[in-house]
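Trainee: Requesting a structural model of the entry that follows:
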Amino acid sequence: MFQKSRFRSHNRFQGGNRHFGHSRPKESIQASKYVNKTVSLENSFPEGIYVNQIKSFAEFPIDSRLKENIASHGYTLPTPIQDQAMMHIINGRDVVGIANTGTGKTAAFLIPLVNKIIGNRSEKVLIIVPTRELAVQIEDELRFFSKGLNILSLLCIGGASINRQIDALRLHPNIVIGTPGRLCDLIKRRFLPLADFHNIVLDEVDRMLDIGFIHDIKFIVSLLPINRQSLFFSATIPPEVTSVVQSFLKNPVTVSVKVKETAHLIEQDVIRVQDKNQKVEKLKSMLREEEYKKVLIFGRTKWGVERLSTTLQKHGFSAASIHGNKTQNQRLRVLAQFKENQLQVLVATDVAARGLDIEDVSHVINYDEPSTYTDYIHRIGRTGRANKQGKALTFVM
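Mentor: From the prediction side, this is the model:
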């Protein structure tokens, strides 16, 4: 059986984000960049732009039991990033994978690594991510692919009981998924010997740099075995990430399937308002419309997000918030309610812009403009996922 319950804390969303206070100057973004009206399902994938080399997951040279798990998860045709990256990983190459958010990057590295462990039970994998939400999302995905394969996994995220994680490490899990802060704590206490890990994944490294984890990442990488397979997946590769890539990977294959800066199935527009009072009144009016079924609203500050959530609740909307001042049990409960359609509105800070894979978000609303255009891309990427249409609206004063 796939053992995981002994390894997981009930406070699974805790910690790992100790640098979210890191501030960045606000980038000047032209309002026109928030507008994209050309959306057509029929023309989303123009003929000749991309043709899968692998026609189905059944064609990959992987264990038959893993193929059964993939099929039971509802996967049949690989996404472009899966199609182009997986064979390189299976063949042992280092890979830089670049693709828009919501295109299947997680499965692109999990499936080959699970297959590698099936072939050699001594293999260990370290997956480093910027946020606890993304860590949990990856482990949830891993659960499907590893069902019945006796592969042990462990979440190492800050705020949860470090003693439980230490106990779990003594059972030698095959896969450790963690945030940099907690991983560094465990390494410095000598409970996480990196010499055992010959497979490493850095996921969303641009975000890790954004929130101040660069020194932790360099520390962890410096302790890894020289003989290793290294994988780097992200939606964007800004210039400051290049040095990390060069020091981290050996002769990597670069796979890029990004066609546009923003997802092609997301209709984007701006909502112009004169002041804050008009903005909140306009938002309430919009949320009363039938099409706003499952709405993710982004604000810039924890206090502003909480204030907006409270205002919406007072006016009869089923709304809740997620931000750094919430306890972990509160965060877990709110996210579950939103995923299960018990809430119409989730109001969030940018902590939710990465790692949340929530089905059928009808609208993303930028109540406060993002700090950077990269943040904008990741915010709106919460809708228009899995080849479905979505809408993104940005308030501009």
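
Trainee: And residue 333, how close does it get to residue 67?
Mentor: 36 Å (Cβ to Cβ, to the nearest Å). Glycine gets a C-beta too; all of them are placed from N, C-alpha and C.

Trainee: Among the two, which residue is more densely surrounded?
Mentor: residue 67 (18 against 15; other Cβ atoms under 10 Å).

Trainee: Return the backbone torsion pair for that one.
Mentor: phi -60, psi -40 (degrees, to the nearest 10).

Trainee: contacting residues around it?
Mentor: The contact partners of residue 67, taken as Cβ atoms under 8 Å, 6 or more residues apart in numbering, are 57-58, 60.

Trainee: Out of the residues you listed, which comes closest to residue 286?
Mentor: Of all the contacts of residue 67, residue 286 sits closest to residue 57, with 40.3 Å by Cβ to Cβ.

Trainee: Could you tell me how many residues sit around the closest residue to the closest one other than its chain neighbours?
Mentor: In this structure, residue 57 finds its nearest non-sequential neighbour in residue 70, 4.9 Å apart by Cβ to Cβ, 6 or more residues apart in numbering. Neighbour count for residue 70, taken as other Cβ under 10 Å: 22.

Trainee: Now for residue 70: which residues touch it?
Mentor: 57, 111, 145.

Trainee: Most neighbours among those residues, which one is it?
Mentor: Highest neighbour count within the contacts of residue 70, by other Cβ under 10 Å: residue 111, with 28 neighbours.

Trainee: Surely residue 137 is within a strand?
Mentor: No - looking at residue 137 with DSSP: H, G, I helix; E, B strand; the rest coil, it is helix, so not inside a strand.

Trainee: Quick check, it in contact with residue 339.
Mentor: No - using Cβ atoms under 8 Å, residue 137 is not in contact with residue 339, being 11.1 Å away.

Trainee: Spit out the residues that contact the two alike.
Mentor: By Cβ under 8 Å, 6+ apart, no residue touches both residue 137 and residue 339.

Trainee: any low-confidence regions in the stretch 251-397 of the chain?
Mentor: Scanning the stretch 251-397 of the chain for pLDDT under 70 picks out 258-264, 328, 352-355, 386-387.

Trainee: show me where it has strands.
Mentor: 253-256, 266-272, 295-298, 319-322, 345-348, 363-366, 390-396 (DSSP state E, counting those that start in this stretch).
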